[in-house]
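Asker: Quick one: sequence plus predicted model below, questions after.
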Amino acid sequence: RDKAEPGSMGRHSRKERYTMRPGRGKGPASCRWPAPSQSVLVGNSCTAGYTGERQRREAAQVLRKTGQRPPGSGPPAERSPCRGQVCTSDLRIPLMWKDTEDFKTEGDLHHRAVFLLLQTGECTQDTETILADRTLTAVSFHNNVLFAEAGPDSELRLELYGACVEEEGALAGAPKRLATKLSSCLGCSSGRRVQASLETARGSGSSPILLPTAAAGGPRYHRLAHTTLTLAAVQDGSHTLDLTVTSHEDPAWLPLDGSVCCCLVAQPFCVAQPTAGGTLGAQQAGELQDWVRARGVLKGTNRFCYHQPEDTDTGEEPLFTVVINKETQVRAGELDQAVGRPFTLGISNHWGALQSWTEALRQLFFDMSQWKQCRDEIMKIETPAPRKPLQVLAKQGSWYHEMVTAIEPLDDITAVTDSLAQREGTRLETPPACPAWPLLACFSGPNPSPAPFPVLEEMPNGLPGCCPPRPLPWGFSLSCPSPRPKRCPQSRGLCSKGPPHTWLQSPV
Amino acid sequence: MALSLPSRLRLLQGTQTTHLLSIPTHPQLAFYLCQQRVEIHKLRQGENLILGFSIGGGIDQDPSQNPFSEDKTDKGIYVTRVSEGGPAEIAGLQIGDKIMQVNGWDMTMVTHDQARKRLTKRSEEVVRLLVTRQSLQKAVQQSMLS
C-alpha cells in the first residue's frame, strides 16, 4: 500500500476512490464510499446492534470487519446476510380418495397417523400428528412452525411421514408427539444422533423408516413425500407447491396428489429490528444553523430515523426519517458543500464511528439484497400456539422417548415467541405522514414538502448543484420510485388467524 | 351433476337461462335448480375491460356484514352493486346475486382478492357466471309448500 498521505486515514490506498457510481468496481455489489479523508464529522458513539445476544454478536462481527479491512475493498460475497425468522403456516396436503380399490390391504380401515417434519440446516421441527382417514379431503396442520433463525439461503425441507394405525381407539404404540426440537445448535447430543439417523434414512432409499429401532408395538413411520422450500417460496398468502411423493407401495400409503399448500413468511432481523444507532449531528440545509444533535437509528425496511436523544426509547415520532431504498446513496462530504442542498448527513470526525455507520449501512444494503422480497414489507409472523397433546393417541413411553433423552421443553419455544411478541409491540409502524419520498427528488432544490427530509446524496464531481440520479450498484434498475401503494389490511393477512373484520366491496 | 327431474320448465330472458322446476322433490334439489347462468360481455373502457358491477365477500371477509345473504356465515361472493346500463345489467345480473362460478372456476371458497382476479382477467372478454338468486329460491320454495 502507498504511504498514507497527511489527513487521510492510514489504511487506505490512494487508489481507492470512494464514489458511488453504478457499474464501476469489481463484482455485482461493489460499493464504494466517499473518501473519509475529506474532513468529515463523525458522531462520537455508534452502538451497533440493539436487541438480543445474536444481534450483538453480529454487530461485533461487523465492527471487527470494519477494523480489518478498508471499506469498499471487500466484495459482499464475504459478507453474511443477517438472519431472520421463518414461519410456515396453513400447511395443507390434499388427498385424492377415489375408490376402495385404491387400498392395497384388504380390511384396511384406512387410518393413518401423519405429521410433517420441517428442517432447515440447523433446526428440525415437527407438526402435530393428524389422523387421516377416508373422510378427510386434505390433511391440515393448523399450528404454525416457527424457525427463530434462518438465513436467506436456507432451505426448508418438508417431509411427510405416515404410519398405519389399526383402529382409531387402539393406538397404544403411537408416540404422543415427535421431535420438539432436534437442533444441533442447542447442543443436544441426542438431537444430533437423531439428526444423523435422519440423514442416513433420507439418503438410503425411497421409504426410509424414521428411526432405526422401533420398540415392539410402535407404529413405523414411513416417509411418504418431501419437498424443499427456499426463499423464492416466501410470499404473501398461501400458495401451492409441488410435493414429491416417494412411496407408492408403502403400507402407510396415502393418495397424495403431489401438492402441498402452505404460507411461508420470513422476517429478516434487519427489517424488524434496529441494527445500528448512534448520536449524529444533523443539519438542515438552506438554514445556516448549528448542527442539531440527534440520535440516529438505522432500522430496516427503509428507515433511518432521527430522534431527539431522549425520545429514542419512548416511542415518540422521529424528528424526520430518511428512506433507505434502492436509490439511496450515501456520501460523507464537506459541510460547506452542502449549501443549497435540502439536507446533508454529516458524520463527524472519528474514524471508527464513521466506519461503523457506513459498515452498518453496507450490511443493511447487503441484507436487503439477499432477502429480496422479504425486505419490502415487514411480514407478520404469528407466534405458534402452544401444542395441545393429541388426545386420540394414547400416552405412553415409546421408543421415541428412549431415543431422545433430552427433549427440549415447550418453554423454549415460548420464551422465543414471548420475546418476539414483545418486540412486535415496540416496532415502529410505518408512519402515514412519512411517504417513501424518493431521495432523488430532493436533488433539485429545497424540498417542497412541509417536513424537512434529510437526504443522503452524492456529488460526483464535488460541485454543488444538480446531479442526475444514479442507482445503487446492485443490479437494480433505475426507475422513478413511487410511493408504495397502500395495501388493504385484508390482503396482508399472512399468518394472521384472527377473525376478519371487514367486508370489502370491489368494482369489477 | 346429473339430476333426474320429473319435469322441467325452461325460460329464456335475454341472455339469461332460468331453470324452473314445477315439482321440486327435495329442498336441496330446489337450491341447485335456482341457479342462473349469466353471460357478461366485458366493456372496454380505455385500457380496462369492465363488467359493471361490484362484489363483496370472500373467505377472508367478515360474513356478518353481508347485507344480501340469508345465512350470515356465508362467505361467498355477492353482487353488491350493478352499474346502470353496464354490461352486467344488460346481461341480467342483479344486486344480491351470489356468484357460484366464473367460467367454471369455483367462487364459493375464495378470498375477496381471488374473486376479483378471476373476474378481471385481461385475456377474457366474456365471463359466464353461475349465480343463485334469493328471489328465485324463494319462488321455488313457495312452490314446494303449495
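Answerer: Cool, the structure landed. Numbering: from 1, shown residues only, chains lettered A, B, ... in the order given.

Asker: Can you list the low-confidence ranges for the chain?
Answerer: Since no chain was named, I'll use chain A. By pLDDT under 70, the weakly predicted segments of chain A are A:1-78, A:98-110, A:166-219, A:247, A:277-296, A:299-355, A:357, A:375-379, A:383-497.

Asker: Chain B, not that one
Answerer: Looking at chain B by pLDDT under 70, you get B:1-34, B:135-146.

Asker: what about A:His226, distance to chain B?
Answerer: 28 Å (CB to the nearest CB, to the nearest Å). Where you see a C-beta, it was placed from the backbone N, CA and C, and this is true even at glycine.

Asker: measure that residue to A:Phe115 for me?
Answerer: According to CB to CB, to the nearest Å, A:His226 stands 13 Å off from A:Phe115.

Asker: Quickly list what's touching both of these two.
Answerer: A:Leu160 (CB atoms under 8 Å, 6 or more residues apart in numbering or on different chains).

Asker: which of the two has more neighbours?
Answerer: A:Phe115 (23 against 18; other CB atoms under 10 Å in any protein chain shown).

Asker: For chain B, which segments count as helices?
Answerer: B:27-33, B:87-91, B:112-119, B:134-145 (DSSP state H).

Asker: Name the nearest residue to whichever residue of chain B sits closest to chain A, ignoring sequence neighbours.
Answerer: Residue nearest to chain A within chain B: B:Gln65 (3.6 Å; CB to the nearest CB). Excluding its sequence neighbours, the residue lying closest to B:Gln65 (CB to CB, 6 or more residues apart in numbering or on different chains) is A:Trp503, at 3.6 Å.

Asker: Can you verify that neighbour is assigned to a strand?
Answerer: No: going by DSSP: H, G, I helix; E, B strand; the rest coil, the assignment for A:Trp503 is coil, not a strand.

Asker: Residue of the stretch 101-250 of chain A nearest chain B, please.
Answerer: For the stretch 101-250 of chain A, CB to the nearest CB, closest residue to chain B: A:Gly237, 7.8 Å.

Asker: what's near enough to touch B:Arg118?
Answerer: B:102-103, B:105, B:107, B:110.

Asker: Surely the residue nearest to B:Gln65 is in contact with B:Gly57?
Answerer: Yes: the pair A:Trp503 and B:Gly57 qualifies as a contact (CB atoms under 8 Å) at a distance of 7.0 Å.

Asker: Find residues that contact each of these two.
Answerer: The contact lists of A:Trp503 and B:Gly57 share B:63, B:66, where a contact means CB under 8 Å, 6+ apart.

Asker: who's more crowded, the two?
Answerer: Per other CB under 10 Å, whichever of A:Trp503 and B:Gly57 has more neighbours is B:Gly57, with 30 against 20.

Asker: Could you pull up the residues touching the more buried one?
Answerer: A:503, B:63, B:66, B:69, B:74-78, B:112, B:115.

Asker: one more time with 7 Å, if that's ok
Answerer: A:503, B:66, B:75-78, B:112 (CB atoms under 7 Å, 6 or more residues apart in numbering or on different chains).

Asker: Now rank those residues by neighbours and give me the top one.
Answerer: B:Ile77 (31 neighbours).

Asker: wait, that one sits on B:Ile59?
Answerer: No: contact criterion CB atoms under 7 Å: B:Ile77 and B:Ile59 do not qualify, at 9.6 Å.

Asker: shared neighbours, the two?
Answerer: Common neighbours of B:Ile77 and B:Ile59 (CB under 7 Å, 6+ apart) are B:Val110.

Asker: contacts for the helix or strand harbouring A:Arg157?
Answerer: Per DSSP states H and E: A:Arg157 is located in strand A:156-164. Strand A:156-164 has contacts (CB under 7 Å, 6+ apart) with A:86, A:93, A:112-120, A:210, A:219-229, A:251-252, A:254, A:260.

Asker: switch to 6 Å and redo it
Answerer: With contact meaning CB atoms under 6 Å, 6 or more residues apart in numbering or on different chains, strand A:156-164 is reached by A:112-120, A:210, A:219-221, A:223-229, A:251-252, A:254.

Asker: Paired strands for it, with orientation please.
Answerer: Take DSSP bridges as the rule and strand A:156-164 pairs in its sheet with strand A:112-119 (antiparallel), strand A:222-229 (antiparallel).

Asker: Tell me which residues of the last one come out buried.
Answerer: So that's strand A:222-229. A:222-227, A:229 (16 or more other CB atoms under 10 Å in any protein chain shown).

Asker: Tell me which helix or strand comes right after it.
Answerer: Trace forward from strand A:222-229 with DSSP H and E and the next one is strand A:239-242.

Asker: ok, and what's touching that following strand?
Answerer: A:227, A:259-261.

Asker: Any residues of chain B in contact with chain A? List them.
Answerer: By CB under 6 Å from any CB of the partner chain, the residues of chain B that approach chain A are B:51, B:54-56, B:60-62, B:65-66, B:80, B:112-113, B:116, B:119-120.

Asker: Next, count neighbours for A:Asp257.
Answerer: 12.
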